[in-house]
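In: let's see this in three dimensions:
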Amino acid sequence: MSARGASRPARAAGAGWLALALALAVLAGCGDVTAALQPGVAEGRGGVEAQAAGDPEGAEAAFTEGLAARDVPRRVQAQLWHSLGLVRAQRQATAEADSAFAEAIDRADDPALRARYAFDAGAAALAGDDPALALGHLRRALVLDSENPAARRNVEIALRRLADREPPRPTPFAEQVKAQADSLVAARQYPAALDVMVDGLRRDSSVAVYADFIGRLAGVAGIETGGPAAQPPAP
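Out: Numbers count the residues shown, from 1 in each chain. Modelled structure (predicted):
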């Protein structure tokens, strides 16, 4: 299954996508007897079954137990961390979920899996009302899979939420981030400028005062529409 196909149930950033995504988080080797015997797989299946039975605490315990097993293959580790992130996001533990997703992304050697995990991390952050965190993950998902319409749509949602808020006055750090991005825009390095702004936003919430600028950068980089680049944003 492609990253786009795996992400399709999660198009709307809300609680419903979490249960659907978890249902898709079937651990490796379901149809392969040898793979099914790998360390961590049985615990992962138990976690999925516990979640399906309405026992998120049992699911989290099972995934954690699987991660604690010896000699768990790297791919299975990635899937266990991803499933753990989904369960934590479902109980609205946004920070803990994000930590689990970060571990999953780090262990996913397949770019399609990394794109899926980054998308799910972004959708979870958006569902947890953290648009700045969501924007960083969704940006990464689009770098890995630029044709993901769900990720582009969620980028738009995150940017709108940032623009709707009244951000604090920019700190000196935020002003430095903006100046660095302006320099990159002047050099027509639009994706790099967007990365600078997104990274700065994750480190300092006052960077949100430049939400409109970030939105225009996203358009120029082709993230929001996937079409022709827009006019370069004014500094």
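In: from Phe213, how far out is Leu162?
Out: Distance, Leu162 to Phe213, by CB to CB, to the nearest Å: 11 Å. Every C-beta, even on glycine, is put in place using the N, C-alpha and C of the backbone.
In: ok, Thr171 - contacts?
Out: Listed by CB atoms under 8 Å, 6 or more residues apart in numbering, the contact set of Thr171 reads Asp204, Ser206.
In: re the thing from before, more neighbours: which of Leu162 and Phe213?
Out: Leu162 (23 against 20; other CB atoms under 10 Å).
In: find the nearest non-adjacent residue to the more buried one, please.
Out: Among residues not flanking Leu162 along the chain, Ala211 sits closest, at 4.0 Å (CB to CB, 6 or more residues apart in numbering).
In: same question for Ala62.
Out: In space, Ala62 is closest to Gly47, 3.5 Å off (CB to CB, 6+ apart).
In: correct me, but that neighbour touches Asp55?
Out: No - with contact defined as CB atoms under 8 Å, Gly47 does not reach Asp55; the gap is 9.5 Å.
In: who has more neighbours, those two?
Out: Using other CB under 10 Å, the more surrounded residue of Gly47 and Asp55 is Gly47, with 29 against 14.
In: remind me which residues of this structure are low pLDDT?
Out: In the predicted model of the chain, residues 1-37, 166-167, 221-235 satisfy pLDDT under 70.
In: please redo it, this time with the cut-off set to 80
Out: 1-38, 163, 165-168, 218-235 (pLDDT under 80).
In: can I see the domain layout of it?
Out: The chain breaks down into these domains under automatic domain parsing: 3-129, 172-220.
In: what about these, which gets the closest to Ala158?
Out: Closest to Ala158 of the domains of the chain, according to CB to CB: domain 3-129, at 6.0 Å.
In: contact partners for Asp129?
Out: Listed by CB under 8 Å, 6+ apart, the contact set of Asp129 reads Thr94, Arg161.
In: circling back: what's the helix or strand for the residue nearest to Ala62?
Out: Using DSSP states H and E, Gly47 maps to helix 41-52.
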